[in-house]
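Participant: here is the input, now give the coordinates:
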Amino acid sequence: MTAETTRESAPLERGALVYDPAARKVGAYHDRSGPYVLLRPVGGGREWQADPAALRPATPRERLSAGVAAANERTRAAGAVAPDPEDMSRPPLPVRGCATCGELAGLREAARAEYDRSAETDANVLLRQHQRRKHRA
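Facilitator: You can find the predicted model right below:
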């Protein structure tokens with residue numbers, strides 16, 4: 001068995017996602033180094049050496065989990081914060097449990113369904129006004 005095959009004897013291609021049980025994580029095949037293969041974390045990062053005989057193809061669930069973890073790390077690294085409720089470029093979110101908010105959000109959704117952008121904007125304005133009057137902390 002060469003350094004470029006898994007225990008199923010399928011050759012690894014650069015970028016192939018495999019599970020390394022020793023590291024307990026998914027990595028993308030990068031290269032080989034002596035008797036080991038070099039893997040990189042999904043989304044980038046510091047590579048590590050792995051025993052090619054222990055590797056197996058990553059399951060769809062493991063691939064998804066690794067991709068989500070990479071996306072979350074990118075978000076944290078970018079210093080993302082929750083959206084500002086006063087951001088006028090975003091539609092206001094209804095307050096849970098408030099009948100008026102629910103009614104206005106329903107009007108907005110009905111306007112969207114009818115492609116009536118004017119009525120949609122009106123519902124957003126009314127929802128913001130209501131939230132300022134009734135839900136301002």
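Participant: longest strand in this structure, by residue count?
Facilitator: When the chain is parsed with DSSP state E, its longest strand is strand 25-33.
Participant: run the chain-centre distance for it.
Facilitator: Chain-centre distance of strand 25-33: 22 Å, with C-alpha atoms, centre = their mean, to the nearest Å.
Participant: helices or strands up against that strand?
Facilitator: strand 17-20, strand 36-41, strand 48-50, helix 60-77 (3 or more C-beta pairs under 8 Å, 6 or more residues apart in numbering; DSSP states H and E). C-beta: built from backbone N, CA, C; applies to glycine.
Participant: where does this structure have low pLDDT?
Facilitator: Counting by pLDDT under 70, the chain shows low-confidence ranges at 1-11, 80-86, 137.
Participant: rerun that using 50 as the cut-off
Facilitator: Along the chain, the parts satisfying pLDDT under 50 run over 1-4, 6-9.
Participant: how does this structure divide up, domain by domain?
Facilitator: 1-61+70-80, 82-137 (automatic domain parsing).
Participant: how far away is the closest residue to R117 other than its chain neighbours from P52?
Facilitator: Leaving aside its chain neighbours, R117 sits nearest to A111 (7.6 Å; criterion: C-beta to C-beta, 6 or more residues apart in numbering). Between A111 and P52 the distance is 58 Å, computed by C-beta to C-beta, to the nearest Å.
Participant: compare these two (neighbour count), which wins?
Facilitator: Taking neighbours as other C-beta atoms under 10 Å, A111 and P52 compare with P52 leading, 22 against 18.
Participant: pretty sure the more buried one sits against L38.
Facilitator: No - the criterion here is C-beta atoms under 8 Å, and P52 misses it with L38 at 10.4 Å.
Participant: overlap in contacts, these two.
Facilitator: R32 (C-beta atoms under 8 Å, 6 or more residues apart in numbering).
Participant: how about a markdown table for the helices and strands packed on strand 25-33, with distance to A119 and mean neighbour count added?
Facilitator: Listed next are the helices and strands packed on strand 25-33 as a markdown table, based on distance: least, C-beta to C-beta, whole Å; neighbours: other C-beta atoms under 10 Å:
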| stretch | distance to A119 | mean neighbour count |
| --- | --- | --- |
| strand 17-20 | 47 | 20 |
| strand 36-41 | 48 | 19 |
| strand 48-50 | 56 | 18 |
| helix 60-77 | 34 | 13 |
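Participant: with that, I have no additional questions.
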